[in-house]
Structure formats: structure tokens, C-alpha cells
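J.: just to be clear, the model below is a prediction. Sequence and coordinates:
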Amino acid sequence: MSLTLPEIKTLFEDELAKSLQRPAAGQWSSKRLYDCMRYTLSSPGKRLRPLMVLSSALAVAKDKAKERVLRQAMPAALAIEYVHTY
């Protein structure tokens, strides 16, 4: 599994979109906070920080484990983007 940076970015953008799907009723204490987070995280950007996290994880992964490592690193990449956007 060899991925280019645009492919990794697409995977990240897909995961980010999933993380921003409308939550179930009562899951967020503030609809306004949710709307603000969604607005700021949905803006297009370079996504350099999460791409560095995912690329680093792929760089040290063994060939057969790359997909698993990418899945494991994704929450950290999302967290980095959330904090950076904040």
C-alpha cells in the first residue's frame, strides 16, 4: 500500500467529514458550539499537520501493516486538526 500525499489528504478529509456528522439528539450540550466547530473545520486548508502525523505513521509501518497503522493514527491526526483549528 503506497499512498501519495493527495490520497492521504483525501482519506483524512473523509474521516474529518465523518467526525463532523450531525450528532444524535442530546449528544452535544450546545448546538451553537457544534455549528461553530463544523464551520471552522469544514473550511478548506492545507491540512499540513494531520498529513505529517499520517505520513510519519506510514513511514515507520511495515508494508503489510500500513492500512492498520493509518487507521490507528487517524484519531491523532483528527485531534491535531481540531486543536490547530481551535
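T.: Cool, got the structure.
J.: next one: the longest helix seen in the chain to chain centre, how far?
T.: For the chain, the longest helix by residue count, based on DSSP state H, is helix 66-85. Put simply, helix 66-85 sits 5 Å off its chain's centre (Cα atoms, centre = their mean, to the nearest Å).
J.: list the buried residues of that helix.
T.: Neighbour counts over helix 66-85 (16 or more other Cβ atoms under 10 Å) mark 66, 69-70, 73-74, 77-78, 80-81 as buried. For the C-beta atoms, the positions are set from N, CA and C on the backbone; glycine is no exception.
J.: so in this protein, where's the weakest helix or strand by average pLDDT?
T.: helix 31-42 (a mean of 80; mean pLDDT, DSSP states H and E).
J.: list the buried residues of it.
T.: By neighbour count on 16+ other Cβ under 10 Å, the buried set for helix 31-42 is 37, 41.
J.: could you list every helix and strand in contact with the helix or strand following that helix?
T.: Using DSSP states H and E, the helix or strand that follows helix 31-42 in sequence is helix 48-60. In terms of contacts (3 or more Cβ pairs under 8 Å, 6 or more residues apart in numbering; DSSP states H and E), helix 48-60 is packed against helix 5-19, helix 66-85.
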